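S.K.: Model the structure of this input:
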Amino acid sequence: MTSQDRSGPLVGLQVVEFAHIMAGPTCGRMLADMGADVIKVEQVTGGDATRAFRPPDLDGESAAFMMLNRNKRGVALDLKSEAGLDVAHRLVDRADVLIENHRTGTMDRLGLGYEMMKERNPSLIYCEISGFGRTGPMAHLGGFDLISQGYSGIMSVTGEGEGRPPVKCAPPLTDITAGILAAMGILAAYVERLRTGKGQRIDTSLFEAGVTQSFWQAAVTLATGVSPGPLGSAHPLAAPYQAFETSDGWITVGGSNQGTWLRLVDTLGLPELAKDPRFLENADRLQRVDELAMILHERFRTRTTAQWLESLEKGGVPAGPVASIGEMLDLPQTRARDMLIEVEHSKLGPVRTIGFPVKFSETPVSVERGAPLLGEHTPEVLAELGYTDEEIVELIRSGVARG
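M.R.: Residues are numbered from 1 along each chain as shown. From the prediction side, this is the model:
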């Protein structure tokens with residue numbers, strides 16, 4: 001597949017990704033899936049560190065790397081060499097967007113910092129993703145999802161309750177959110193560039209991604225002056241809204257408003273709770289959430305998850321199972337929404353992966369290219385940049401590039 005054989009709303013957008021691990025590659029993947037030509041630049045030795053995140057792997061290829069880097073073209077360069085930096089500069093000269101997620105100062109030291117690239121390409125949209133942003137007293141610190149979940153308060157509100165160890169959100173919440181926020185910022189800057197022709201610098205971070213995820217808990221704290229603690233699967237603003245144990249597993253129930261609460265107690269065969277002064281209104285139920293949960297747990301344990309799901313659906317009560325990842329991937333809805341797809345990998349053949357979460361009626365996305373092998377598209381991209389066959393051979397022979 002050539003770079004022209006793409007579909008999606010961003011076809012024609014040229015992106016160069018100097019990013020590694022997760023937040024930056026997540027951003028690049030979002031743009032690539034929407035049709036942008038994303039060229040991922042890696043080190044000639046080892047490449048993106050995620051390539052070493054094994055196991056699991058398929059014939060030596062990291063499953064984690066493949067999940068984050070499909071639909072991109074891969075180039076491997078020695079950016080510390082003059083010739084390698086020249087290739088990078090040529091990539092930036094023709095790019096609409098640059099993505100990077102290195103420590104503060106790294107890109108400047110490499111000769112690829114914003115001010116330098118702005119001089120070369122004034123219309124460039126230069127996106128930086130870091131641990132804590134490029135300004136402020138913590139700008140120099142590196143970024144890891146675990147650390148950001150701690151600093152942003154996320155870990156203080158996850159887990160089972162007071163006195164229990166802190167628990168992080170299992171998926172790398174701040175990494176993924178930062179990548180999505182960066183993609184959103186790039187698209188906003190692109191709209192502005194279409195109006196004015198001017199590029200700009202975008203700066204977001206894992207810390208800010210975590211703060212963004214604290215909307216409900218921050219609202220509670222700002223209103224009361226008290227920081228909420230962990231509630232397990234319960235909600236700080238609505239009850240009952242949590243997971244309950246059934247006779248054969250767990251079920252989630254969203255009694256998030258008064259109407260749903262009344263339908264829930266009817267469905268459970270507990271109509272007396274609707275008139276119980278302890279649970280009349282949401283505020284009452286929040287004050288006695290543990291007491292209410294004990295009553296509901298006892299009732300839910302009398303039937304299987306499937307039996308309750310059938311009854312709750314008929315009763316108009318939002319509910320669902322606590323599915324494993326494997327069960328989620330097997331759901332008919334997952335398939336119907338194209339959230340489990342196959343993509344062709346140049347070494348492995350068809351590889352299963354997660355689909356793109358936004359559907360476009362007029363410009364549907366396509367996931368047609370598996371993650372690149374290290375330096376897989378180096379010769380192809382160098383030729384596009386104007387290098388002769390002889391120059392390409394010499395760049396690879398000398399170790400400046402890998403292909």
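S.K.: List the contacts of the residue minimising distance to the centre of the chain.
M.R.: The centre of the chain sits closest to residue 176, judged by Cα atoms, centre = their mean, with a distance of 2.5 Å. By Cβ atoms under 8 Å, 6 or more residues apart in numbering, the contact list for residue 176 reads 22-23, 26. Every C-beta, even on glycine, is put in place using the N, C-alpha and C of the backbone.
S.K.: Also residue 277?
M.R.: Taking Cβ under 8 Å, 6+ apart as the criterion, residue 277 is in contact with residue 284.
S.K.: tell me the phi and psi of residue 194?
M.R.: phi -60, psi -30 (degrees, to the nearest 10).
S.K.: Quick check: it vs residue 96, distance?
M.R.: Separation of residue 194 from residue 96 (Cβ to Cβ, to the nearest Å) stands at 11 Å.
S.K.: These two: which has the busier surroundings?
M.R.: Taking other Cβ atoms under 10 Å, residue 194 and residue 96 do not tie; residue 96 has more neighbours (22 against 8).
S.K.: Quick check: next helix or strand after the host helix or strand of residue 294?
M.R.: Assigned by DSSP states H and E, residue 294 belongs to helix 289-300. Once the chain leaves helix 289-300, the next helix or strand it forms, by DSSP H and E, is helix 305-315.
S.K.: Now do that following helix against helix 289-300, angle only.
M.R.: Angle of helix 305-315 versus helix 289-300, following axes from the mean of the first three to the mean of the last three Cα atoms, to 10 degrees, is 110 degrees.
S.K.: which helices and strands sit right next to the helix or strand that comes right after helix 305-315?
M.R.: Counting by DSSP H and E, the next helix or strand C-terminal to helix 305-315 is strand 319-321. Judged by 3 or more Cβ pairs under 8 Å, 6 or more residues apart in numbering; DSSP states H and E, the packing partners of strand 319-321 are strand 250-254, helix 305-315.
S.K.: Go ahead and confirm residue 237 touches residue 216.
M.R.: Yes. Counting by Cβ atoms under 8 Å, residue 216 is a contact partner of residue 237 at 6.0 Å.
S.K.: which SS state does residue 279 fall under?
M.R.: coil (DSSP: H, G, I helix; E, B strand; the rest coil).
S.K.: show me the contacts for the closest residue to it other than its chain neighbours.
M.R.: Leaving aside its sequence neighbours, residue 279 sits nearest to residue 285 (Cβ to Cβ, 6 or more residues apart in numbering; 5.0 Å). Residues counted as contacts of residue 285 (Cβ under 8 Å, 6+ apart) are 239-240, 261, 279, 292.
S.K.: can you do 7 Å?
M.R.: Shown in contact with residue 285 (Cβ atoms under 7 Å, 6 or more residues apart in numbering): 239-240, 279, 292.
S.K.: helix or strand for it, which one?
M.R.: Going by DSSP H and E, residue 285 is part of helix 282-287.
S.K.: Now do the helix holding residue 294: everything it contacts.
M.R.: Helix 289-300 has contacts (Cβ under 7 Å, 6+ apart) with 234, 239-240, 242, 244-246, 251, 268, 270, 278-279, 285, 308.
S.K.: ok, now stretch 197-214?
M.R.: Contacts of stretch 197-214 (Cβ under 7 Å, 6+ apart): 23, 114, 122-134, 143, 145, 148-149, 151-154, 173-175, 177-178, 181-182, 185-186, 189, 193.
S.K.: That one spans what distance, first to last residue?
M.R.: 36 Å (Cα to Cα, to the nearest Å).
S.K.: At which residues are the strands of the protein located?
M.R.: Remark: strands assigned in the chain by DSSP state E are 14-18, 37-43, 57-58, 61-62, 73-77, 97-100, 125-130, 200-205, 241-245, 250-254, 319-321, 340-345, 349-354, 401-402.
S.K.: Burial check on residue 289, number of neighbours?
M.R.: Residue 289, neighbours per other Cβ under 10 Å, totals 20.
S.K.: Isn't residue 20 up against residue 46?
M.R.: No. The criterion here is Cβ atoms under 7 Å, and residue 20 misses it with residue 46 at 10.3 Å.
S.K.: Who are the contact partners of residue 52?
M.R.: Counting by Cβ under 7 Å, 6+ apart, residue 52 touches residue 62.
S.K.: any idea how far it lies from residue 168?
M.R.: 22 Å.
S.K.: Repeat that for residue 71.
M.R.: 29 Å.
S.K.: quick one: which of the two has more around it?
M.R.: Applying other Cβ under 10 Å to residue 71 and residue 168 shows that residue 71 carries more neighbours, namely 29 against 18.
S.K.: With residue 202 as the reference, measure out to that one.
M.R.: As judged by Cβ to Cβ, residue 71 and residue 202 stand 21 Å apart.
S.K.: what do you get for residue 163?
M.R.: Separation of residue 163 from residue 202 (Cβ to Cβ): 42 Å.
S.K.: Same question for residue 225.
M.R.: 34 Å.
S.K.: and what of residue 359?
M.R.: Residue 359 is 26 Å from residue 202, by Cβ to Cβ.
S.K.: Would you mind telling me which of the two has more residues around it?
M.R.: When residue 359 and residue 202 are compared on other Cβ under 10 Å, the one with more neighbours turns out to be residue 202, at 23 against 10.
S.K.: and that one, what pLDDT?
M.R.: On the pLDDT scale, residue 202 is placed at 98.
S.K.: With residue 4 instead?
M.R.: Looking at residue 4, the pLDDT reads 54.
S.K.: hang on, the earlier thing: closest one of the contacts of residue 285 to residue 339?
M.R.: Of all those, residue 339 sits closest to residue 240, with 28.7 Å by Cβ to Cβ.
S.K.: OK, contacts around that closest one?
M.R.: Each residue near residue 240 by Cβ under 7 Å, 6+ apart is listed here: 253, 255, 285, 292-293, 296.
S.K.: No further queries at this time; thank you.
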